[in-house]
Every structure is written in C-alpha cells, then in structure tokens.
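S.K.: From the sequence below, what's the structure:
(chains A and B)
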There are 2 protein chains.
Amino acid sequence: MALGEFDLIERYFKRPSLSPARNTPHADVALGIGDDCALLQPRPGTQLAISSDMLVEGRHFFPDVDPAHLGHKALAVNLSDLAACGAKPLAFTLALALPRVDEPWLAAFSRGLLKLADAHGCTLMGGDTTQGPLNICITVFGEVPVVAGKSQALLRSGARPGDDIYVSGTLGDARLALDALRGTLQLPADVLAQVRQRLEQPTPRVALGMALRGIATAAIDVSDGLLGDLNHILKASHCGASIDTHFAIQLIAAHTNESWPTGQFDAEFSLQNRLGWVLAGGDDYELLFTAPATARAAVLEAARSSATPVTRIGRIDAESGLRLVDTNGQPVSGQFASFDHFA
Amino acid sequence: MALGEFDLIERYFKRPSLSPARNTPHADVALGIGDDCALLQPRPGTQLAISSDMLVEGRHFFPDVDPAHLGHKALAVNLSDLAACGAKPLAFTLALALPRVDEPWLAAFSRGLLKLADAHGCTLMGGDTTQGPLNICITVFGEVPVVAGKSQALLRSGARPGDDIYVSGTLGDARLALDALRGTLQLPADVLAQVRQRLEQPTPRVALGMALRGIATAAIDVSDGLLGDLNHILKASHCGASIDTHFAIQLIAAHTNESWPTGQFDAEFSLQNRLGWVLAGGDDYELLFTAPATARAAVLEAARSSATPVTRIGRIDAESGLRLVDTNGQPVSGQFASFDHFA
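M.R.: Numbering: from 1, shown residues only, chains lettered A, B, ... in the order given. All right, here's what the predicted structure looks like:
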C-alpha cells in the first residue's frame, strides 16, 4: 500500500480542527485517534452498549455502490443496533481493509460516514486500515442509563403475552431495490431511486429507541427480515406471536409512490410478492418492538416526539410459534400461509 | 453459508456453562452474546481503553497457518495495544468473515482465541460473522484507573529529554521466521520452531504494561518495527532519541538458541541483517517505553514483578531525529548507518 495506515487515518478520518490528543468535541472521549488505544470515560450512572458489524463486498453491498452511501450504511447498521437497545450514540472505531489506495473513493466514503456520525454526535475515536479485500468493520459505543441499579437498555428478552407488537417506518423497500438491482424485476426510475435510497442509506431509528426506554418491553432492529427478527424476540422471551397480515399490504413505502397510478402497484406485484418483501425482505433497519397494551398512548407519544411513524402489527401470545392472521384474528391460508416457513 | 451467524456464534464462541443473558463470569460485562448490543459497565473511577485491529489473510498471516495460532494472534495483537496503554483487559468483540463454514478450522480458531482470552480474564462479549474473504476484526476493551481526575493510561506523548528508552523481551525473531517461511533464508528446524512461535503466538506484555503505570512516561507496542514505532513516540512527544546499536547484536532471541554452536549465528548472518531484524523487523509485540533516569529501580521492579525482561537501549534527546550510536555515544557509520532511513 503506497500510503501507510497512519497517513490514511490522518488524511481522511481525523478532523483537522481538533488537537492530536483530543480528536473530538465530546467530553466522553478522553483520547481519540493516534495512540495505541482510544480512551472512553462513560458518565457515572451509565453503562456502555457495544455492537460490532462487518460489511463485505458482494454480500452487503454491490462493488459499484456510491462510496458515500457505503460510508453512511456501514455506520447506520451499527447505529441501528444501538437504537434497538435504546442507547445514545457516543463513539465508534473503524477497521477498513482496502484492495488499493483509491483517494476519491476514500474521500467519498469518509464524507458519507462522518456526515451520519456528526448527525448523531458519534465520534470516530480510532481504528485500523490494512490492504486486503474490501471489508468494513465498525464497532459502536452508546450510553444507556442505569436507574436504581437497573439498566434501561431495551433487550430482546422482555416481551410478555398480551404485549402489542410494533414496527417503525416501512418495510420491504430495501429488498425491492435489491431485486431490481439484481435484475429480477423492473421498476420505474423514480420508484427505483426511492427504494434504492432505503437500501443504501437506511435511517437508524436512534431517537425512537431512546424514546422507548421504560416503555418498550423488548426491541430488535429489522436486519434479517421481520419474521426472522421477531423470532429472535420470541426465542429470547419464551413466547409466541400473531401478526396481522393486513398491515403488510400497506407497509411497503413504494406502494405510495405518486408516479404509480392507483392500483398499478397491485397489478404489477402480487400480494404474495409484496408480503414477502415486507415479512422477509431484510435490510430495513426499522425497529421492531413490543409494549404492554396499557402503554399505547406512551408509544404514540414516543413516535411523535421522535418524529418516527410506528404501526401496531400484532400481539405476543403465551403459545409458542408465530402465526399469520387476518384482521379478524383468523389464521391466513393459501398464498399467505407460505410465509410460515420464515418463522 | 450453510450455518447462520447465530448458529456459528452459539456453537463455537459461546460458553455452554453460562446463562444466555450472562455469557461471562465478569461483573463488568452486564450482557454478553445474543442481543443487539453487549453491555459493559466500567467500574467507578476507571476509563475504558479501546483498540481495534483487523487481520487479513496473506498480509498478516499465511493461508496455511494453524487456526489455533491464528486465534491466539488475533487477540494477542489487540491485548498488546492494551498493554501499551497500561490497561487491564476486560472484554472484546469478534467480527469474522469466512469464505466457507469449515468446522474443524472454527473449532481450532476458537480454542486458540479463548485460551488466550481466559489467561487474561478477557470476555468475548459479542460479534458478527459473515461470508467473505477471511478477515478477523477484534475490538478489545481494557480498564485504566483515573486517579484524582488524571488518567493513568500510558500514552505516546509523554517522553521527555533525558528519559531512558527500554524494550521488553527480544526483537527480530518474528521477522526472522517470516523470512524463513517465505524461503529467503534457511534455518535449522529447531531454530525455525522457536522463532515461528514468536511470529505466530506473540506474548502480549499486559502485566508489564500495568506495572509501568505511574513509572513509564510514554509507551507503544512494537508492531511495525522498533525504529518506526519509536518514531511515533518521538513525533507525539516532540523530541528525538539516540539508540545504542550494541544492544541489537544480542537482542534477537535466536542468537541464544543452544543448537547453534557459539559463533555460528554470527557466521550465518551478517551484523547488518541482524540489526535489520531487530530495528525494523516488526510483529514483535514487545513494549517500547520511556522512563526518567531516576526511575531505573522502579522499572527493574516492574520487570521483576511482571516476570518480563527489559533492556535499556537508549535515551530521549531534546534534539529532534533518531540517531544510532555506539557504546561510546558516537554516531555509527558504514553498514549500520543505513538503518537511518527507517527513522
């Protein structure tokens, strides 16, 4: 590699306005880039939520993706894990393997990465660069309050029978974009642009996650697909669930794109395809969470205060297993029932 | 990938004896593997030292390396960063890209990794696995005391003119092994075995780093090579240094291998080659540190209490630049002088 590790970090990821020993405006980060370790001092009465995600070319992104979008997404998927715990972002480390030094690529990647980091007050505090097949590994640190000795972190294990099940935003658009980019379906240009943004630049629901502390009983972010991720909650919480399939017909955002004449979306795509994108699409980075029925007003207030739409989509059952039901609570049959195998 | 991420983590990296919500005997780790985030609660009066290192096949290890050794080394290089800060290891995350699910490989890798982790009381608290070219990214967390508002972390920036310069253990053996494995030189089998262990299973100097808190003025671990890493200290501390080349003739451990008849090592390898391995070899993971001349007894006591040999090799100068000198403090010339370009 023509440029050493130190040069790369210095040039693209270190902020020129900060002193070498304090590469950050945040009091929590006592020492940033440029020593053997970064130093982080959590505030008294808090604990650190930590998550690590690795993104690989060909598996998590296309080789020709806009590097600014890739920088955004690499951090967004990690921030989404913090959101699912109700944690406030503090800082992150970046380890980066690059096949070669491509300075325009690095400049765009760091621009996309640091723009999202700044939007969440999340400081790049250290990392590593090396030569190798393109690989991006981010470890993110967030703050969770501890109140009276009890962590306020949202876990997967707290769902209880009778709890409502909610999902934020919309689902399925990222998968729709993936299928279009793979060439397995055709989309109008403006619809593709809309869903492609959902795929490449997901919005981590950090404010909603923080607002749900003390309200939600369990939470997870939707990365594998709604049914698969709900199953993680059910397994950790030792319970089952019923999902109302009716919501799914509406929940894919592409449905509401104005360039599609009313009804055309239905004509173009079968209900079964749409349900598949919503229930098992993945890469949505929305929050899936549970809350007691008595907390419905509090959930709506959390959604309002965080400016994040949420939809109630089902109910936690004592009986194990995951059931797809219609609006009358009856098991769905025929084409919809085939999605049971995702559960 | 035939096995999902969750299965892989469950099978090879999660300890069966611990409950799902507490995959650790350490009070600091409030929640381990199996949720969106791990939770870490540093003790009052401490701060976290954090380091992230990425290892790539072909660059950091040979494709046919023993996976148990690779598991050891992947964590060792991270623990070495904690050692250089004087931090006590607490926990780490592991992100792993694998071309395919090779269960014997994974079993050996995790065995080597977790054996070293256990030896340092360092808990695997979370991570990520994905399919892709082999890549290992570990982020490690250590504890540093804060005394009277002042961090006890060892930094690169504290060296002062007049300070002594020390290095732990021996240098150059890892590079000697690398050259032998690349086929650019021949070694007797038992010498190769000795230096290969230094290359593949380095010993992070954690106990020495902790013992040097309050004694060393600056520290770094030797990963790039003695001269290159010393230069990081000099740059951060705004000073220069003189290194006595005499020590280098003795400091390569292979020199003392009993299978080499006295004098044969000298005959086989020129002084210049030996100096090159020691001064610029890299991958040693020894500690390079500075301390005031008044602290010589304290440094020896830290070495004794941590059972780690240390050698005094030079002095910090007010004059910038790095000078190689003989035992009389005179600049070296001829063959030795060529190493100036590493500085």
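
S.K.: For whichever helix in chain A runs longest, give the mean pLDDT please.
M.R.: In chain A, with assignment by DSSP state H, the single longest helix is helix A:67-85. In this model, helix A:67-85 has an average pLDDT of 97.

S.K.: Okay, now the unreliable bits of the stretch 201-343 of chain A?
M.R.: Applying pLDDT under 70 to the stretch 201-343 of chain A flags the ranges A:248, A:253-268, A:333-343.

S.K.: could I get the longest helix of chain A in PDB with only the CA atoms?
M.R.: Output in PDB follows, covering the C-alpha atoms of helix A:67-85 (Å, rounded to 0.1, in the frame of the first residue of the first chain):
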ATOM      1  CA  PRO A  67     -18.800   5.100  -1.600                       C
ATOM      2  CA  ALA A  68     -20.500   8.000   0.200                       C
ATOM      3  CA  HIS A  69     -23.600   5.800   0.600                       C
ATOM      4  CA  LEU A  70     -21.500   2.900   1.700                       C
ATOM      5  CA  GLY A  71     -19.900   5.100   4.400                       C
ATOM      6  CA  HIS A  72     -23.400   6.000   5.600                       C
ATOM      7  CA  LYS A  73     -24.600   2.500   5.600                       C
ATOM      8  CA  ALA A  74     -21.600   1.000   7.400                       C
ATOM      9  CA  LEU A  75     -22.300   3.300  10.400                       C
ATOM     10  CA  ALA A  76     -26.100   3.200  10.000                       C
ATOM     11  CA  VAL A  77     -26.300  -0.500  10.600                       C
ATOM     12  CA  ASN A  78     -24.300  -0.200  13.800                       C
ATOM     13  CA  LEU A  79     -26.300   2.800  15.000                       C
ATOM     14  CA  SER A  80     -29.400   0.700  14.300                       C
ATOM     15  CA  ASP A  81     -28.100  -1.800  16.900                       C
ATOM     16  CA  LEU A  82     -27.700   1.000  19.400                       C
ATOM     17  CA  ALA A  83     -31.300   2.200  18.600                       C
ATOM     18  CA  ALA A  84     -32.600  -1.300  19.300                       C
ATOM     19  CA  CYS A  85     -31.100  -1.100  22.800                       C
END
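
S.K.: Return the list of helices and strands in contact with that helix.
M.R.: strand A:46-56, strand A:88-98, helix A:103-119, strand A:135-147, helix A:189-200, helix A:206-211, strand A:218-221 (3 or more Cβ pairs under 8 Å, 6 or more residues apart in numbering or on different chains; DSSP states H and E). C-beta: built from backbone N, CA, C; applies to glycine.

S.K.: So the first one, near chain B or not?
M.R.: Yes - judged by Cβ under 8 Å from any Cβ of the partner chain, strand A:46-56 comes into contact with chain B through A:Gln47, A:Leu48, A:Ala49, A:Ile50, A:Ser51, A:Ser52, A:Asp53, A:Met54, A:Leu55, A:Val56.

S.K.: next one: the last one
M.R.: Yes - against chain B, strand A:218-221 shows contacts by Cβ under 8 Å from any Cβ at A:Ala219, A:Ile220, A:Asp221.

S.K.: so what's the second one up against?
M.R.: Meaning A:Ile220. A:Ile220 is in contact with A:Ala84, A:Arg156, A:Asp229, A:Leu230, A:His232, A:Ile233, A:Leu287, A:Leu288, A:Phe289, B:Asp36, counting by Cβ atoms under 8 Å, 6 or more residues apart in numbering or on different chains.

S.K.: For the stretch 201-343 of chain A, which segments count as strands?
M.R.: Using DSSP state E, counting those that start in this stretch, the strands of the stretch 201-343 of chain A run over residues A:218-221, A:240-244, A:287-291, A:310-317, A:322-325.

S.K.: ok so, going back, for B:Asp164, state which of the residues of strand A:46-56 next to chain B is nearest.
M.R.: Closest approach to B:Asp164 among the residues of strand A:46-56 next to chain B (Cβ to Cβ): A:Leu48, at 37.0 Å.

S.K.: Would you confirm that that closest one contacts A:Pro42?
M.R.: Yes - if you go by Cβ atoms under 8 Å, A:Leu48 and A:Pro42 touch, sitting 5.5 Å apart.

S.K.: If we go by neighbour counts, what in the longest helix of chain A is buried?
M.R.: For helix A:67-85, burial by neighbour count (16 or more other Cβ atoms under 10 Å in any protein chain shown) applies to A:67-85.

S.K.: And for stretch A:147-165?
M.R.: Buried, per 16+ other Cβ under 10 Å, within stretch A:147-165: A:Ser151, A:Gln152, A:Ala153, A:Leu154, A:Leu155, A:Arg156, A:Ser157, A:Gly158, A:Ala159, A:Asp163, A:Asp164, A:Ile165.

S.K.: Also stretch A:183-202?
M.R.: A:Leu187, A:Val191, A:Leu192, A:Gln194, A:Val195, A:Arg196, A:Arg198, A:Leu199, A:Glu200, A:Gln201, A:Pro202.

S.K.: before we move on, what about stretch A:96-105?
M.R.: Buried positions in stretch A:96-105, judged by neighbour count with 16+ other Cβ under 10 Å: A:Leu96, A:Ala97, A:Leu98, A:Trp105.

S.K.: Reformat those residues into JSON lines and put distance to B:Ser242 and pLDDT next to each item.
M.R.: Formatted as JSON lines, these follow (distance: Cβ to Cβ, whole Å; pLDDT from 0 to 100):
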{"residue": "A:Leu96", "distance to B:Ser242": "36", "pLDDT": "93"}
{"residue": "A:Ala97", "distance to B:Ser242": "37", "pLDDT": "93"}
{"residue": "A:Leu98", "distance to B:Ser242": "37", "pLDDT": "92"}
{"residue": "A:Trp105", "distance to B:Ser242": "42", "pLDDT": "92"}
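
S.K.: Residue of the stretch 101-250 of chain A nearest chain B, please.
M.R.: A:Gly132 (3.3 Å; Cβ to the nearest Cβ).

S.K.: Roughly how far does the residue nearest the centre of chain A sit from A:Arg182?
M.R.: Central residue of chain A (Cα atoms, centre = their mean): A:Tyr285, 2.7 Å from the mean position. From A:Tyr285 across to A:Arg182, the span is 20 Å (Cβ to Cβ, to the nearest Å).

S.K.: repeat for A:Arg156
M.R.: Applying Cβ to Cβ, the value for A:Arg156 to A:Arg182 is 31 Å.

S.K.: Could you give the separation of stretch A:69-76 from the chain centroid?
M.R.: Centroid separation for stretch A:69-76 versus its chain: 11 Å, with Cα atoms, centre = their mean, to the nearest Å.

S.K.: I misspoke; the intended subject was stretch A:141-150.
M.R.: So, by Cα atoms, centre = their mean, the centroid of stretch A:141-150 is 21 Å from its chain's centroid.

S.K.: ok, and which of the helices and strands packed on helix A:67-85 has the densest surroundings?
M.R.: Ranked by average neighbour count under the criterion mean count of other Cβ atoms under 10 Å in any protein chain shown, those are headed by strand A:218-221 at a mean of 28.

S.K.: Domain parsing of chain A, as residue ranges.
M.R.: Domain assignment for chain A by automatic domain parsing gives A:5-151, A:164-342.

S.K.: closest one to B:Ala174 among these?
M.R.: Of all those, domain A:5-151 sits nearest to B:Ala174, with 17.2 Å by Cβ to Cβ.

S.K.: ok, stretch A:145-159 near chain B or not?
M.R.: Yes - counting by Cβ under 8 Å from any Cβ, chain B has neighbours in stretch A:145-159: A:Val146, A:Ser151, A:Ala153, A:Leu155, A:Arg156, A:Ser157.
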